[in-house]
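**Student:** take a look and give me a structure for this.
(one chain, ligands or ions: 1)
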Amino acid sequence: MSDTSAHSTTSGTSSPYASGSVFHRLNPSDIKYRDEKAKVLRSYIVGRIIGEGSYGKVKEAIDSKTKKMVAIKILSKKTLRRVPGGEASIEREIGIVESLSHKNILSILTHFPIENKQKFYIVLEYMGGGTLTHLLENAPNKRLPLFQARKLFLGILGALEHMRERHILHRDIKPDNLLLDDDGDIKLADFGVADVVSSEIHNKLRENAGIGSPAFQAPELIASPTTGPKKPKRPNIDLIFKSDIWSAGIVLYIMVVGQYPFPIQGNIMLLFEDIAAGKFEIPDWVDPDCADLISSMLQTNPLERIGLEGIRVHPFVKNSIPKPAKSTLVGHHNIQSMWPNHDKSALASVVKKMKPQLEREEEVERAARDSFDQPGPSQEDEDRRTSQSSQSKCSIM
Ligand code: ADP
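**Tutor:** Numbering: from 1, shown residues only. Modelled structure (predicted):
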């Protein structure tokens, strides 16, 4: 995921609209400005741009049915057609994400095309706290207190364990792809280069070396055949899965130390050489259990690298750390939302205000459906269609 200036953040708690109904607290001119910018798309009230990705914008929205915030990824079909394999990769990503269901993995709520706009929409859980990159940028010395780093790491571990159960390798674990919700809980996102793992695809994975971000890439996957260690002769799924464990180890190092273990110093081949040699240092002030876990996760030989079972019983994971005073934790920075109060009642009042526009959109849609498919689909058909579009193998075009 890319960082964008549109993602400039503000603290939700310091917002003058942090509590109470948003419309009770705003002055009338503010309300006009805010309403002017909101648009209705199907049953969603769409607000500001909250991110910009490789294939399109991400906007915040209110789901008028659930009265909850969501994020909508808007993909232009034209752009997707221009990118080699663009359409297929989105379809694959949706299929993979829909095969997963875990509190630390970002869910796709639904997806649908709108033909006359030549757009494809993916509705996601809303992550109001921005990315882990944002959190670290705002942290003193760019690192987190041990308690907080451990809590986020436990979330990443939960996601990894679930993916391992479902045989999914993420292949791009990094702070940009770890999002925080309004409560500061973490979810793994962006399964754009993820793959379903089997022993047979081991060779393919190696051929695809270079996928993901170089600084997070495991030695056994790095691009250069001269620098990468020899791949194991008989790989099993657990062994293949070790490359995601390596990337998670890099993330843990960055959260705790505030720097990269293998910094990029201009030349990517030098970076790969450092990775292949496993040349990195852990400062001696790092908690010994945490340092030991990082070392075990950053073993260059995947056979010697710790597995998920080992991580689960490692002292850094097993032994809780006393919770420090709240003030010592790094606060996540909420996205500057068009609706700063995300309470259900505040969002319900926005929905109420937008009711005429929502009803108009519903009528337009119904008319379009009726003219397209006589007689028009019943509500039952429509419900079935929506649930099929979010459950079945997706087809964008
Ligand atoms: P990319 O195409 O680079 O993978 P995305 O399109 O997935 O990136 O996301 C671009 C940016 O939008 C992210 O960096 C993040 O800041 C924001 N974003 C993506 N998904 C969400 C979400 N569910 N909730 C809030 N912000 C999001």
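
**Student:** helix or strand next in line after the helix or strand harbouring residue 123, which one?
**Tutor:** If you go by DSSP states H and E, residue 123 is part of strand 119-125. Next along the chain after strand 119-125, taking DSSP H and E as the criterion, comes helix 132-137.

**Student:** for that following helix, what is the average pLDDT?
**Tutor:** Averaging pLDDT along helix 132-137 yields 96.

**Student:** can you name every helix or strand that it contacts?
**Tutor:** Helices and strands touching helix 132-137, by 3 or more C-beta pairs under 8 Å, 6 or more residues apart in numbering; DSSP states H and E, are strand 178-180, helix 237-257. No exception for glycine: its C-beta is placed from N, CA and C like everyone else's.

**Student:** rerun at 10 Å
**Tutor:** helix 146-165, strand 178-180, helix 237-257 (3 or more C-beta pairs under 10 Å, 6 or more residues apart in numbering; DSSP states H and E).

**Student:** quick check: phi and psi on the residue in the stretch 201-350 of the chain positioned nearest to the ligand?
**Tutor:** Nearest to the ligand, among the residues of the stretch 201-350 of the chain, is residue 335, at 6.4 Å (C-beta to the nearest ligand atom). Note on residue 335: its backbone torsions stand at phi -60, psi 140 [degrees, to the nearest 10].

**Student:** and if you look at the one 3 residues further on?
**Tutor:** Dihedral pair for residue 338: phi -70, psi -30, per degrees, to the nearest 10.

**Student:** likewise for residue 60?
**Tutor:** Torsion angles, degrees, to the nearest 10, at residue 60: phi -80, psi 150.

**Student:** what does the stretch 1-150 of the chain put close to the ligand?
**Tutor:** The stretch 1-150 of the chain comes close to the ligand at residues 1-2, 7, 50-55, 58, 71, 73, 106, 124-127, 131, as judged by C-beta under 6 Å from any ligand atom.

**Student:** pull out the buried residues from those residues.
**Tutor:** 1, 7, 50-52, 55, 58, 71, 73, 106, 124-127, 131 (16 or more other C-beta atoms under 10 Å).

**Student:** all strands for the stretch 1-150 of the chain, in order.
**Tutor:** Assigned by DSSP state E, counting those that start in this stretch, the stretch 1-150 of the chain shows strands spanning 39-41, 44-52, 56-63, 68-76, 108-114, 119-125.

**Student:** buried ones in the fourth one?
**Tutor:** This means strand 68-76. Neighbour-count burial for strand 68-76, with 16+ other C-beta under 10 Å as criterion, is recorded at 69-75.

**Student:** tell me the mean pLDDT for stretch 176-183?
**Tutor:** What stretch 176-183 shows for mean pLDDT is 94.

**Student:** that stretch: end-to-end distance?
**Tutor:** 18 Å (C-alpha to C-alpha, to the nearest Å).

**Student:** same deal with stretch 281-288?
**Tutor:** The first and last residues of stretch 281-288 sit 13 Å apart, counting by C-alpha to C-alpha.

**Student:** so which residues on the stretch 151-300 of the chain come close to the ligand?
**Tutor:** Those residues of the stretch 151-300 of the chain that sit near the ligand, judged by C-beta under 6 Å from any ligand atom, are 179, 189-190, 192.

**Student:** can we see that at 8 Å?
**Tutor:** Contact residues (C-beta under 8 Å from any ligand atom) of the stretch 151-300 of the chain with the ligand: 176-177, 179, 189-190, 192.

**Student:** most neighbours among these, which one?
**Tutor:** Top of those by neighbour number is residue 179, holding 29 neighbours under the definition other C-beta atoms under 10 Å.

**Student:** OK, contacts around the closest residue to that one other than its chain neighbours?
**Tutor:** In space, and not counting its chain neighbours, residue 179 is closest to residue 127: 3.8 Å by C-beta to C-beta, 6 or more residues apart in numbering. By C-beta atoms under 10 Å, 6 or more residues apart in numbering, the contact list for residue 127 reads 50-51, 58, 69, 71, 106, 178-182, 185-187, 189, 332, 335.

**Student:** below-threshold pLDDT in the stretch 51-200 of the chain: ranges please.
**Tutor:** 199-200 (pLDDT under 70).

**Student:** could you break this protein into its assigned domains?
**Tutor:** Under the assignment automatic domain parsing, the domains of the chain span 23-128, 129-328.

**Student:** now render the ones you listed as a markdown table, adding distance to residue 360.
**Tutor:** As requested, the domains of the chain are exported to a markdown table (distance: least, C-beta to C-beta, whole Å):
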| stretch | distance to residue 360 |
| --- | --- |
| domain 23-128 | 8 |
| domain 129-328 | 30 |
